[in-house]
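Colleague: build me a model from this:
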Amino acid sequence: MSARPFTYERANSIGEAIEIARAAGGNSRFLAGGQSLLPLVNLGLVSPDTLIDLGRIASLRSIVSGGGEMSLGAMTTYRTMAESAHVQADLPLLAAALNFVGNPRVRNMGTVGGSLVHNDPAAELPLVMTLLDARYELSDGTTTRWVHSSDFSAGPFETSIDDYELMKSIRVPLRSRWSWGFREFSYRPGDFAVAAAGALVKVRNGEIAAIRAGITGTGSGPLRCTSYEEAALGRTATGLPAIEALAIEDAPYVIDGVESSEYRGHVASVMLTRAVEDAMRPGQAA
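Modeller: Numbers count the residues shown, from 1 in each chain. Got it, this is the predicted structure:
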């Protein structure tokens, strides 16, 4: 199957991109890195009348720290983030998760905003941003609004972004003295995750004083494991709560036709346990 004909436009500013989208009449798509969208277009699963390339908008590519948070331009690539000394030092959970994203070609081209707006339920970044308590800056070319990461997803491959909006930046609070862990299981490096898990932990006197933990790849998107978080408070590295196989809804799609919800739940439980154990290692705090 091949893509049906479409119009290709290149925007030089956010305002111009929105104007092109409005002129196209609703069946247009913004093109960021193209690593998720273009395969769908080529397979005929998505059929836009107009593709609007955002690659010329330099203001959407940035990594800036200040005021107790880090701002990531929505067109910042995975590779740029992974190689950033600021990200490695201040957002080590994000840096670790980026190592699991696709392959070098995908990491060279794919963008943080593209991943978040595409909202693949097996993607790493929606989970990481949820755990980091990030918020997203959305623009319609004239006005800007902010949406919290936990409120952004509207289901698999769906978000709360409007037709004539694009993601401008991601703001992430910087957390001092929180340790981290990220684990993922896939059949081959670069494959979609069967399940992945991340954890942020604050330790005081050898015990968990605060924790943010979650899983992805198992259902409709990132899932905060609040019951586990409550059970883990006050525990030590050698006394973490046992996890029964997590009760996971049936995945919205199946990678190869064999993964049951029970299997995904088991893998997610193991990944979560290991992520928290990693976070409890001495010297893991950022």
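
Colleague: list every C-alpha atom in whichever strand or helix holds residue 262, with coordinates, as CSV.
Modeller: With secondary structure defined by DSSP states H and E, residue 262 is part of helix 261-279. Once non-C-alpha atoms are left out, helix 261-279 reads as follows in CSV (Å, rounded to 0.1, in the frame of the first residue of the first chain):
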residue,chain,number,x,y,z
SER,A,261,-2.9,-9.1,29.4
GLU,A,262,-1.8,-11.5,32.1
TYR,A,263,1.7,-11.8,30.5
ARG,A,264,2.0,-8.1,30.0
GLY,A,265,1.0,-7.6,33.6
HIS,A,266,3.7,-10.0,34.8
VAL,A,267,6.4,-8.3,32.7
ALA,A,268,5.2,-4.9,34.0
SER,A,269,5.4,-6.1,37.6
VAL,A,270,9.0,-7.3,37.1
MET,A,271,10.0,-4.1,35.3
LEU,A,272,8.5,-2.0,38.1
THR,A,273,10.3,-3.9,40.8
ARG,A,274,13.6,-3.6,39.1
ALA,A,275,13.1,0.1,38.4
VAL,A,276,12.5,0.8,42.0
GLU,A,277,15.4,-1.4,43.1
ASP,A,278,17.6,0.6,40.7
ALA,A,279,16.4,3.8,42.2
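
Colleague: what residues of that helix count as buried?
Modeller: Within helix 261-279, the residues scored as buried using 16 or more other CB atoms under 10 Å are 261, 264-276, 278-279. Every residue, glycine included, has its C-beta placed from N, CA and C.

Colleague: same question for stretch 50-63.
Modeller: With the criterion 16+ other CB under 10 Å, stretch 50-63 contains buried residues 50-55, 57, 60-61, 63.

Colleague: what does stretch 170-177 give?
Modeller: Counting neighbours by 16+ other CB under 10 Å, one finds that the buried residues in stretch 170-177 are 170-172, 174-175.

Colleague: turn these into CSV, columns for secondary structure and distance to residue 68.
Modeller: Shown next, in CSV, are the buried residues of stretch 170-177 (DSSP: H, G, I helix; E, B strand; the rest coil; distance: CB to CB, whole Å):
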residue, secondary structure, distance to residue 68
170, strand, 15
171, strand, 10
172, strand, 10
174, coil, 6
175, coil, 9
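
Colleague: which one of those residues is nearest to residue 35?
Modeller: Within the set of these, residue 170 lies nearest residue 35; the separation is 17.5 Å, counting by CB to CB.

Colleague: show the pLDDT at that closest one.
Modeller: Model confidence at residue 170, given as pLDDT, is 98.

Colleague: that one pairs with what?
Modeller: In this entry, residue 170 is beta-bridged to residue 72, residue 136, by DSSP bridges.

Colleague: what packs against the host helix or strand of residue 20?
Modeller: Take DSSP H and E as the rule and residue 20 turns out to sit in helix 14-24. Of the remaining helices and strands, those touching helix 14-24 by 3 or more CB pairs under 8 Å, 6 or more residues apart in numbering; DSSP states H and E are strand 28-31, strand 50-53, strand 166-173.

Colleague: and these: which comes nearest residue 17?
Modeller: Of all the helices and strands packed on helix 14-24, it is strand 50-53 that lies closest to residue 17, at 5.4 Å by CB to CB.

Colleague: give me the contact list for the closest one.
Modeller: The list of residues contacting strand 50-53 from outside it, by CB atoms under 8 Å, 6 or more residues apart in numbering, reads 6-11, 17, 20-21, 24, 27-31, 41.

Colleague: please repeat the previous calculation with a cut-off of 10 Å.
Modeller: Residues lying outside strand 50-53 but in contact with it, judged by CB atoms under 10 Å, 6 or more residues apart in numbering, are 3, 6-11, 16-21, 23-32, 34, 37-38, 41, 166.
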